[in-house]
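Enquirer: I would like to see how this sequence folds:
(2 chains)
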Amino acid sequence: MRYLPLSDTDRADMLARVGISDVDEIFVDIPKSARIDGLLDLPRRQSEFAVERDLSRMAGKNVAASSVPFFVGAGAYKHHVPASVDHLIQRSEFLTSYTPYQPEVTQGTLQYLFEFQTQVAALTGMEVANASMYDGSTGTAEAVLMAHRVTRRNKAVLSGGLHPQYRQVVEGLSSMAGDRVEALPADPAGTEDILAAIDDETSCVVVQSPSFYGQLIDLKPIAEKAHAHGALLIAVFTEVVSLGLIEAPGEQGADIVVGEGQSIGNGLNFGGPYVGLFATRQKFIRQMPGRLCGETVDANGKRGFVLTLSTREQHIRRDKATSNICTNSGLCCLAFTIHMTLLGGNGLAKLARINHANAVKLKGALEGVAGVKVLNDAFFNEFTVKLPKPAAEVVEALAEKGVLGGVPVSRLEPGQAELADLLLVASSEVNSDEDRAAFVAALKEVLA
Amino acid sequence: MSMNNQGRPSAPAETAITSERATFTGNKALAMEEPLLFEIGRMDVCGVDLDEAEDFAPALGSHARKAVPDLPALTEPETMRHYVRLSSKNYAIDAGLYPLGSCTMKHNPRLNEKMARLPGFGDVHPLQPLSTVTGAVELIAELAHWLVTMTGMSAVAMSPKAGAHGELCGMMAIKAAHQAAGRDPKIVLVPESAHGTNPATAALLGYKVVSIEAREDGTVDPAAVKARIKEHEGDIAGIMLTNPNTCGLFERDIIAIAEAIHAADGYFYCDGANFNAIVGKARPGDLGVDAMHINLHKTFSTPHGGGGPGAGPVVLSERLAPFAPLPFLRKGEGGIEWVETDAELKDGEQPFGRMTAFHGQMGMYVRALAYMKSHGADGLKQASEDAVLNANYVRVGLQDLMSLPFGQRWCMHEVLFDDSFLKDTGVTTLDFAKAMIDEGYHPMTMYFPLVVHGAMLIEPTESESRSSLDLFIATMRDLVLSAQKGETDRFKGAPFHAPRGRLDETRAARNPVLKWERPAAQAVQPQAAE
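Expert: Residues are numbered from 1 along each chain as shown, chains lettered A, B, ... in the order given. Sure thing, here's the model as predicted:
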């Protein structure tokens, strides 16, 4: 076996050294009734070439985003990632290292985490950020639990513009934790009255902007009403590139900002691994879940970095910890940080403008198709269109024509007749005029 | 004219150069200092070539950002240098032995990286039509098959994103099963030696954690479990037990413990962090386990990446299978069906909800399956055997000098020492660990498990060769003898050869500085967004 360095001679010598003749003697504590005689009913080992051929065959059955006109979003976005990003994150010293528990020999990881935290704080307009969560959806659920710790109340209000799967993650964890959740009905055009849902029992209001349906939401009045009632505003985003062009949630009064960072530096990966961004105000740092990297000095007075405030965490506080999380998305953070380093603030703003410009062009192109109506007036790189027939059928028919033309809302919100004709379409810097033309032509045929 | 110095003397006249000698730059030849990117970056450069967006009417309403984010950039060559230099300050498994007990730092095959980056896996969207991702669903189904076969369980929830997320998933399934039966028990039993995530998970779900002490030999006594069950009769939700446990031992009475918990209408959650010791040797399903997470990064070698991402699929017994969260796989008439929403449920399926948006860590699934196929049933069994052989080889090589808290017992894939061999030497456990750094080793896991004073948990893993183990054992012996001889200079203040000396963690916690702040003297006018 190519990954196992011991030879049979080594094994025999080592067994003799430990004083036995058969390695099974080491497993003596396993009850006999549960020991496996022989081998599991699974295939035998394969050569590197054979494994590569087998997995390539499976991969070949999938349609890769880059191979077709591609307009799919709804919480995960296709962007171009510079080649240097993937090269750098594959360096052994990053890829095969562990959590930086020994800071003297993990300054590489710790310094990029510090850079990551700084970037996330600047983008979100917040005072502090952590070293990432698993993804945006789990980060949102943790933000709700954090709001409950801060306010000592346990009723969360979720906007109808929150990504339906984020909503389900929040509802699942909250209900199991014994908390209450009030989820407003789906809100494609961004016209819900969330202010009416806030009262003196509310711990937090969770609002996504751009919303799941693409609509930009004014967070300021929501923050004001929430604060007037002693509640927190949790601002959510699923497209971090939008922060290059849209006013930061922190500037609009959010108390916790949480979202998905996949768009910067990370690929689509069929849904994961992704990287959750999490930022808040300085006064809440001891209630914040997840890992934190902090600056300090070493014994010679030189600047260095360490994991810090671990007294909030599970390995110290155990059943009193702020959360059970004991990891972050380290390598995805690194990819994010490298890509952000290449872009800088100006580059991100420019990238965001290209995304928005392409979305505006797409809107114009789609509105030229008979029977198609765009629901959103203010959006970033994604919006909702109303079609003259069920969107799920349209998407399938488009796929047959070689166009991946968005996500039918019914895939995430099944069983709601009023949503069945809605299609989410996303655009980014990767879309060309030819892509848009192909989309429009295919859509005209499908709707004809 | 020759451009090199071949044939000329290169040895300095005096050779007494030490690593302590200062340089003007702070660099020491190939060991280079690196500022924060914010200190070398500029607002007027960009490392990505982007076209200007022109000729369009923005549709942002009143939401436009007034100033661009205050984040300087580096060009591509500068970025390469910045992160390559940072990387040189990291220890990594590709550089040396990483004996972190309970963390399982083993070889990360590059084939797996290559496979995960195939466009058909890395460049597919989780919500594109299922008809365009049949290969991705096939891969998940095949991985699920390997996982349930190895564990002898009925079903697997694939989506949890890390080990602790898997614990949460398993305990939520247990809670959902109790609720479905009209019960609401409040107590979860957790041994003292458990990972901190176990009690944290139980508490997160509103359970009260009742601790179980270990007996003399480091394992859980079924009599102690029964006594706790009796104290809280009728109120037991389940037990969370790690097996092999964090003392490096197999819980030999696990079947009796499982029977006791089942007799009390509770469920048996097994923390599967150490599954790599027994793959191909025993199946948790045969031991009475109801739910167990599998750290794909530990057992199946997906790289840890400086802290993550991991992946924590949860295998479930027949009783818990109906409660697996969305999305899940179902065998249908036309083959494997991918069930994403409540609307697609059939009779008996009662998922408790959803652990994450989308489908979980596909990138890790590809890596893990590539690893499994490379090993096969035969290689996986061999890997477990080599892992435990290596750990026992280290144990036998050090047991006369270092102290074993639970006496002479076979250990599984990791061996636990305590710090009594350092008593009266003036060298602390931390000093000892930091001196290992100077010898070129990452320290072992320290102070965990908590049940042992000055715990030192060593996990060599199956990817270490005999010669690397021999060198490690010899180095550890030298260090122990040095400490016992009173050579404290080697330990006090160590490490001396790392990129940084000992870091002041108290200062970091007392006055948290969590991001870079632009010095006031460098204040720039916010740049207006266009």
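Enquirer: and the one helix or strand B:Ile257 maps to, what's its mean pLDDT?
Expert: Element membership for B:Ile257 (DSSP states H and E) is helix B:254-263. Mean per-residue pLDDT for helix B:254-263: 98.
Enquirer: Is it in proximity to chain A?
Expert: Yes - using CB under 8 Å from any CB of the partner chain, we find that helix B:254-263 touches chain A at B:254-255. C-betas here are computed from N, CA, C, even on glycine.
Enquirer: hmm, the helix or strand just after that helix in reach of chain A?
Expert: Where DSSP H and E defines the elements, the next helix or strand beyond helix B:254-263 is strand B:267-271. No - judged by CB under 8 Å from any CB, strand B:267-271 stays clear of chain A, getting no closer than 11.8 Å.
Enquirer: for the helix or strand following strand B:267-271, packing partners?
Expert: Note on strand B:267-271: by DSSP H and E, the next helix or strand toward the C-terminus is strand B:291-293. Strand B:291-293 sits against helix B:163-180, strand B:267-271, strand B:314-316, with contacts defined as 3 or more CB pairs under 8 Å, 6 or more residues apart in numbering or on different chains; DSSP states H and E.
Enquirer: most packed of those?
Expert: Highest mean neighbour count among the helices and strands packed on strand B:291-293 (mean count of other CB atoms under 10 Å in any protein chain shown): strand B:314-316, with a mean of 30.
Enquirer: how about JSON lines for the helices and strands packed on strand B:291-293, with mean pLDDT added?
Expert: Shown next, in JSON lines, are those (pLDDT from 0 to 100):
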{"stretch": "helix B:163-180", "mean pLDDT": "97"}
{"stretch": "strand B:267-271", "mean pLDDT": "97"}
{"stretch": "strand B:314-316", "mean pLDDT": "98"}
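Enquirer: Tell me where the longest helix sits in the chain.
Expert: Just so you know, I chose chain A. As assigned by DSSP state H, the longest helix anywhere in chain A is helix A:330-367.
Enquirer: if you could check chain B rather than the one you did, that'd help
Expert: helix B:362-398.
Enquirer: Check whether B:His262 really touches B:Gly288, as I assumed.
Expert: Yes - here B:His262 lies in contact with B:Gly288, judged by CB atoms under 8 Å, at a distance of 6.8 Å.
Enquirer: OK, contacts around B:Gly288?
Expert: By CB atoms under 8 Å, 6 or more residues apart in numbering or on different chains, the contact list for B:Gly288 reads B:254-255, B:257-259, B:262, B:268.
Enquirer: brain fart, A:Gly405
Expert: A:69, A:71-72, A:394-395, A:398-399, A:423, A:425, A:439, A:442-443.
Enquirer: For it, grab phi and psi.
Expert: Taking degrees, to the nearest 10, you get phi -100, psi 30 for the backbone angles of A:Gly405.
Enquirer: so what's it closest to, chain neighbours aside?
Expert: A:Leu398 (3.9 Å; CB to CB, 6 or more residues apart in numbering or on different chains).
Enquirer: Now that neighbour: which helix or strand?
Expert: Assigned by DSSP H and E, A:Leu398 belongs to helix A:391-400.
Enquirer: what about the stretch 151-300 of chain A, any weak spots by pLDDT?
Expert: For the stretch 151-300 of chain A, no stretch is flagged by pLDDT under 70.
Enquirer: make it 90
Expert: Applying pLDDT under 90 to the stretch 151-300 of chain A flags residues A:177-178.
Enquirer: Enumerate the residues of it near chain B.
Expert: Contact residues, the stretch 151-300 of chain A versus chain B (CB under 8 Å from any CB): A:163, A:165-166, A:168-169, A:171-173, A:175-178, A:209, A:216, A:218, A:243-248, A:267-273, A:275, A:285, A:291-300.
Enquirer: Excluding chain neighbours, what is closest to the closest residue to chain B within the stretch 301-448 of chain A?
Expert: Closest approach between the stretch 301-448 of chain A and chain B, counting by CB to the nearest CB: A:Gly344, at 2.5 Å. Setting aside the residues directly before and after it, A:Gly344 is nearest to B:Ala73 in space (CB to CB, 6+ apart), at 2.5 Å.
Enquirer: thinking that neighbour is in contact with B:Phe38, fair?
Expert: No - using CB under 8 Å, B:Ala73 is not in contact with B:Phe38; the gap is 10.2 Å.
Enquirer: what about these two, which has more around it?
Expert: Counted by other CB atoms under 10 Å in any protein chain shown, B:Ala73 and B:Phe38 do not tie: B:Ala73 has more neighbours, with 24 against 21.
Enquirer: I'd like the mean pLDDT over stretch B:286-298, please.
Expert: What stretch B:286-298 shows for mean pLDDT is 97.
Enquirer: Span of it from start to end?
Expert: Distance between the two ends of stretch B:286-298: 22 Å, counting by CA to CA, to the nearest Å.
Enquirer: Need the pLDDT of the closest residue to chain A within the stretch 1-150 of chain B.
Expert: Across the stretch 1-150 of chain B, no residue is closer to chain A than B:Ala73, which sits at 2.5 Å (CB to the nearest CB). Per-residue pLDDT puts B:Ala73 at 98.
Enquirer: tell me the contacts of it?
Expert: By CB under 8 Å, 6+ apart, B:Ala73 lies in contact with A:341-347, B:41-43, B:45-47.
Enquirer: Contact partners for A:Phe380?
Expert: A:Phe380 neighbours (CB under 8 Å, 6+ apart): A:210, A:214, A:216, A:239, A:241-242, A:245-246, A:352, A:355-356, A:359, B:60.
Enquirer: one step back: summarise which helices and strands the helix holding A:Leu398 is packed against.
Expert: So helix A:391-400, by 3+ CB pairs under 8 Å, 6+ apart, packs with strand A:407-408, helix A:409-412, strand A:422-426, helix A:433-447.
Enquirer: So what touches stretch B:227-241?
Expert: For stretch B:227-241, contacts defined as CB under 8 Å, 6+ apart pick out B:167, B:171, B:174-175, B:178, B:185-191, B:194, B:198-199, B:201-202, B:207, B:210, B:212, B:220, B:225, B:251, B:254, B:257, B:260-261, B:264-271, B:290.
Enquirer: Could you pull out the buried residues of that stretch?
Expert: For stretch B:227-241, the neighbour count (16 or more other CB atoms under 10 Å in any protein chain shown) marks B:228-229, B:232, B:235-241 as buried.
Enquirer: Can you get me the start-to-end distance on it?
Expert: With CA to CA, one end of stretch B:227-241 sits 16 Å from the other.
Enquirer: Secondary structure element holding the nearest residue to A:Gly330 once chain neighbours are set aside?
Expert: The shortest distance from A:Gly330 to any residue other than its chain neighbours is 3.3 Å, reached at B:Gly307 (CB to CB, 6+ apart). Using DSSP H and E, B:Gly307 is not contained in any helix or strand.
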